[in-house]
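1. Predicted structure and sequence below. I'll ask about it afterward.
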Amino acid sequence: MTELRIAQPNDKQRKMLEAATKHVGFGGARGGGKSWAVRTKAKLLALRYPGIKLLIVRRTYPELINNHVQILRAELLGVAQYNDKDKLLRFPNGSTIHFMYCARDGDLDRLQGVEYDVIFLDEATQLSEYQMKTITACLRGVNSFPKRIYYTCNPGGQGHGYIKRIFIDRRYEAGEDAADYTFIQSLVTDNKALMASQPDYIKQLEALPEKLRRAWLEGDWDIFEGQFFEEFRVAPDPARCAQAGIDVEQARIHGFWTHVIPAFDPPQEWKLYRSFDWGYSKPFSCAWWAVDFDGRIYRILELYGCTRTPNEGVKWTPDEVFRRIRQTEETHPWLRGRRIEGVADPAIWDQSGGESIAETAERYRVYFSPGDHKRIPGWMQCHYRLQFDENGVPMMYVFDTCKAFLRTVPQLIYDPLRPEDLDTSLEDHVADEWRYLCMARPIAPKAEQNEPQAGHPWGNPLAD
């Protein structure tokens, strides 16, 4: 009789193996022992529960073979039989472990009509949100076995925003129950076996460039490889604050080395702008901006709509969008009675389908000028706005109440085919209307600044 021996898990791996919610996230950094936990959990479930069907997914075929198929075949030799044609391991009790790769959306066609009791998405952030949701839609069946989905993940990749939303930010949408989600962070320092066998591995991670080190070693979900606006800072840099002798919280309030600040009443003398991107079948985005005497822009308000509103469950028609914009500008104390200049995507003047979106807006006395649609120069203007001067002050701020900007812009990544552009398959509507505003008020790039000046002159840049 063949005997199967399984090594002892570390504390974080044990928590993953014992987690009992429907959605279990595990990892958050390099070297946390994620793939071992996937293989171990799959083996234990298949051996203990007769007749269940499990699925292990990786993005590419080589990753699937090298990280799971070959290792499990060797470990389960004499215990389970591997079928190379169907890419599955079959156990004597009728349970099966299936293997699948998903390098593109077309690979999802293999899932038609199939059902699984347990699904493992290994390195889930390398898959898109659409791919993850399509795969996990196969989690169903008539047996009584509790259905589970396990996501192992590192910061970065096209699925970064989705995984961060459900496991890190814990911000749930209609149909999602917070009680169904568990996240266990596992860093390289939690992987005692790796630390013992490769003691220099942590030094390799410490030697990486800052953004990779923060993501791969520290598990920082606010910065990652491939991030399009990697300069964007939600919070001040503690190291720079310490160097200048400034408290981090005071730096946030006063806007040093951060782009996100508490809301305040924009002075009446500042100019106001409105930027707009119409999404047609996708979300629209509208924002109001204040511009100070130095040309610095402040995102002060926003209106962001999906095809269905969270509370009403009805479609946002063009009439409803501009009725709400008009209402906001007539009632909000920051906007009421103020002159507001609008800039929008030139596509809203298209009349091929009858009344254009721009004409609908005009019926509600919401007026726009066509924005400059050039993408690469527009993104460069956005980057210029994010640069800090020698005192840690950028040329744009975002009020901390502008949730759509804070949710979507940090998650945008580069287009794999056009390295100067961002990936338009992601939620880029806020970024688009921000780009139109920046192109309407272009600025020159700042000279490179290596370090902030010592002894930062204390004061409030918002009062400049």
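-> Arrived safely.
2. and residue 133, that's in a helix?
-> Yes: assessed with DSSP: H, G, I helix; E, B strand; the rest coil, residue 133 lies in a helix.
3. and it, how many neighbours does it have?
-> Residue 133 is flanked by 11 other residues according to other CB atoms under 10 Å. From N, CA and C alone the C-beta is placed, and that goes for glycine too.
4. Make sure I have this right: residue 285 is in a strand.
-> Yes: Residue 285: assigned to a strand according to three-state DSSP.
5. mind listing what it touches?
-> Counting by CB atoms under 8 Å, 6 or more residues apart in numbering, residue 285 touches 276-277, 279, 302-304, 404, 429-430, 432-433.
6. Looking at residue 215 now. What's its pLDDT?
-> Confidence at residue 215, expressed as pLDDT, is 64.
7. Test for you: state the pLDDT assigned to residue 424.
-> Confidence at residue 424, expressed as pLDDT, is 87.
8. Disregarding flanking residues, what is the spatial nearest neighbour of it?
-> In space, residue 424 comes closest to residue 415 once its chain neighbours are excluded; the distance is 7.1 Å by CB to CB, 6 or more residues apart in numbering.
9. Quickly note the distance from the one you found to residue 125.
-> As for residue 415, its distance to residue 125 is 17 Å (criterion: CB to CB, to the nearest Å).
10. Name the residue in those two with the higher neighbour count.
-> residue 125 (25 against 16).
11. what are the phi and psi angles of that one?
-> Dihedral angles phi and psi of residue 125 (degrees, to the nearest 10) take the values phi -70, psi -10.
12. which ones are touching the residue nearest to residue 424?
-> With CB under 8 Å, 6+ apart, residue 415 has these contacts: 421-424.
13. closest to residue 238 among these?
-> The shortest approach to residue 238 among these belongs to residue 422, at 28.3 Å (CB to CB).
14. What residues does the closest one make contact with?
-> 228, 379, 412-415, 428, 431.
15. Show the buried residues in these.
-> Among the contacts of residue 422, the ones that count as buried by 16 or more other CB atoms under 10 Å are 228, 379, 412-413, 415, 428, 431.
16. Sort out for me which of these are in strands.
-> Among the buried ones among the contacts of residue 422, no member is found in strands (DSSP state E).
17. Which single one of the contacts of residue 285 is nearest to residue 390?
-> Once CB to CB is applied, the member of those that ends up nearest residue 390 is residue 430, at 29.1 Å.
18. That closest one and residue 406 touch, don't they?
-> No: using CB atoms under 8 Å, residue 430 is not in contact with residue 406; the gap is 9.3 Å.
19. higher neighbour count, the two?
-> When residue 430 and residue 406 are compared for neighbours, residue 430 comes out ahead with 25 against 19, by other CB under 10 Å.
20. ok, so what distance separates that one from residue 283?
-> Distance of residue 430 to residue 283, computed by CB to CB: 9 Å.
21. Could you do residue 362 as well?
-> Residue 362 sits 22 Å away from residue 283, taking CB to CB as the criterion.
22. what about the two, which has more around it?
-> More crowded of residue 362 and residue 283, by other CB under 10 Å: residue 283, with 19 against 14.
23. Tally up the residues packed near the nearest residue to residue 416 once chain neighbours are set aside, please.
-> Ranked by CB to CB, 6+ apart and with sequence neighbours excluded, the top spatial neighbour of residue 416 is residue 423, at 7.3 Å. When neighbours are counted by other CB under 10 Å, residue 423 registers 17.
24. same question, residue 40
-> 18.
25. State whether it is indeed within a helix.
-> Yes: Residue 40: assigned to a helix according to three-state DSSP.
26. can you pull the contacts of it?
-> Residue 40 neighbours (CB under 8 Å, 6+ apart): 6, 9, 13, 17.
27. ok, now residue 297?
-> Going by CB under 8 Å, 6+ apart, residue 297 touches 273, 289-291, 385, 395-397, 437-438, 441.
28. Is it bridged to anything, and to what?
-> Legend: beta-bridge partners of residue 297 under DSSP bridges are residue 291, residue 396.
29. go on, residue 98?
-> Under DSSP bridges, the beta-bridge partners of residue 98 are residue 55, residue 88.
30. what about the residue nearest the centre of the chain, distance to residue 185?
-> With distances taken as CA atoms, centre = their mean, residue 161 lies nearest the centre of the chain, 1.7 Å away. As for residue 161, its distance to residue 185 is 18 Å (criterion: CB to CB).
31. Kindly report the same for residue 57.
-> Distance of residue 57 to residue 185, given as CB to CB: 21 Å.
32. picking up where we left off before, looking at the contacts of residue 422, which are in helices?
-> Residues of the contacts of residue 422 located in helices (DSSP state H): 379, 431.
33. Could you dump the contacts of residue 422 into CSV and include distance to residue 168?
-> Formatted as CSV, those follow (distance: CB to CB, whole Å):
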residue, distance to residue 168
228, 19
379, 26
412, 17
413, 17
414, 22
415, 25
428, 21
431, 21
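34. Closest one to residue 335 out of the contacts of residue 422, please.
-> Lowest distance from residue 335 to these (CB to CB) belongs to residue 431, with 22.7 Å.
35. pLDDT score assigned to the closest one?
-> 96.
36. for the one 4 residues further on, same thing?
-> What the model reports as pLDDT for residue 435 is 97.
37. I figured residue 270 hits residue 292, correct?
-> Yes: using CB under 8 Å, residue 270 is in contact with residue 292, at 5.5 Å.
38. who's more crowded, these two?
-> Legend: neighbour count by other CB under 10 Å for residue 270 and residue 292, higher for residue 292 (19 against 16).
39. surely that one meets residue 298?
-> Yes: applying CB under 8 Å, one finds residue 292 in contact with residue 298, separated by 7.3 Å.
40. circling back: now for residue 430 and residue 283: what residues contact both?
-> Here residue 430 and residue 283 have residue 304 as joint contacts, going by CB under 8 Å, 6+ apart.
41. OK, contacts around residue 365?
-> Residues in contact with residue 365 (CB under 8 Å, 6+ apart) are residue 326.
42. That should have said residue 335, apologies.
-> By CB under 8 Å, 6+ apart, the contact list for residue 335 reads 272, 288, 301, 328-329.
43. quick one: it from residue 444, how far?
-> According to CB to CB, residue 335 stands 30 Å off from residue 444.
44. picking up where we left off before, out of the contacts of residue 335, who's nearest residue 26?
-> residue 301 (38.6 Å).
45. coming back round to it: among the contacts of residue 422, find me the one that's closest to residue 136.
-> Nearest member of the contacts of residue 422 to residue 136, counting by CB to CB, is residue 413, at 21.8 Å.
46. Dig out what that closest one forms beta bridges with.
-> Here residue 413, judged by DSSP bridges, has bridge partners residue 227.
47. okay, it: pLDDT?
-> 85.
48. Roughly how far does it sit from residue 426?
-> Distance, residue 413 to residue 426, using CB to CB: 7 Å.
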